[in-house]
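**Student:** here is a sequence together with a model predicted from it:
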Amino acid sequence: MDFEYVEYGNKLIANHMGLDYVHVVTEDCDIWYAARKDSDSVFESFYSYADIPYHSSWDWRMAIVRKIAESGYAGGVLYALRSALIEADSEASYVAIVEFIEWYNCKQKESK
C-alpha cells in the first residue's frame, strides 16, 4: 500500500473509531494528529495519520472489526472483510475495512 492510501485509510478509520484530533503547531511543523484519551481525558498517545497502526497491527485492526461486527450490518458489503479475515490477509482486511467505512459514510449521508 502506498503512503497516501495508508494516510487516507487511517484517517478514515480513526474518525470512525472516534479518535480526537489535535492540531500541533511548532516552528517546524503544522500537523493534525489523531489522539486517544485515557480515562481522565488526558491525551495518552499522539499519531500522525500515517503512523496510526491500523494498517500494520492486527490488534488495532481488530478493534474496528469488532465495531463493524457489532453494527448489525450484513451481506455483500462485509463479504470482502470476512474473506480477508478467514485467509488472515492483512492488506486485504485493511482495504475491506476502508471500503466498508466509505460505504457506511455514504449511507449515513443518504439518510440525512
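**Tutor:** Structure's in. What do you need? Numbers count the residues shown, from 1 in each chain.
**Student:** CA only for contacts and neighbour counts going forward, please
**Tutor:** Will do.
**Student:** where's the residue nearest the centre of the chain, which helix or strand?
**Tutor:** Centrality entry for the chain: nearest residue to the mean C-alpha point is residue 13, 1.8 Å, by Cα atoms, centre = their mean. Per DSSP states H and E: residue 13 is located in helix 3-16.
**Student:** so which bits of stretch 89-101 are buried?
**Tutor:** Buried residues in stretch 89-101, defined by neighbour count with 16 or more other Cα atoms under 10 Å: 92, 93, 94, 95, 96, 97, 98, 99, 100, 101.
**Student:** so the fifth one sits right up against residue 81, yeah?
**Tutor:** The reference is to residue 96. Yes: using Cα atoms under 8 Å, residue 96 is in contact with residue 81, at 5.0 Å.
**Student:** re earlier: using CSV, list the CA coordinates for the helix holding residue 13.
**Tutor:** Written as CSV, here are the backbone C-alpha positions of helix 3-16 (Å, rounded to 0.1, in the frame of the first residue of the first chain):
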residue,chain,number,x,y,z
PHE,A,3,1.7,6.2,1.8
GLU,A,4,-1.2,8.3,0.6
TYR,A,5,-3.7,5.3,0.8
VAL,A,6,-2.4,4.4,4.3
GLU,A,7,-2.8,8.0,5.4
TYR,A,8,-6.3,8.3,3.9
GLY,A,9,-7.4,4.9,5.3
ASN,A,10,-6.0,5.5,8.8
LYS,A,11,-7.7,8.9,8.9
LEU,A,12,-11.0,7.4,7.9
ILE,A,13,-10.7,4.6,10.4
ALA,A,14,-9.6,7.0,13.2
ASN,A,15,-12.6,9.2,12.5
HIS,A,16,-14.9,6.2,12.5
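**Student:** alright, calling it a day.
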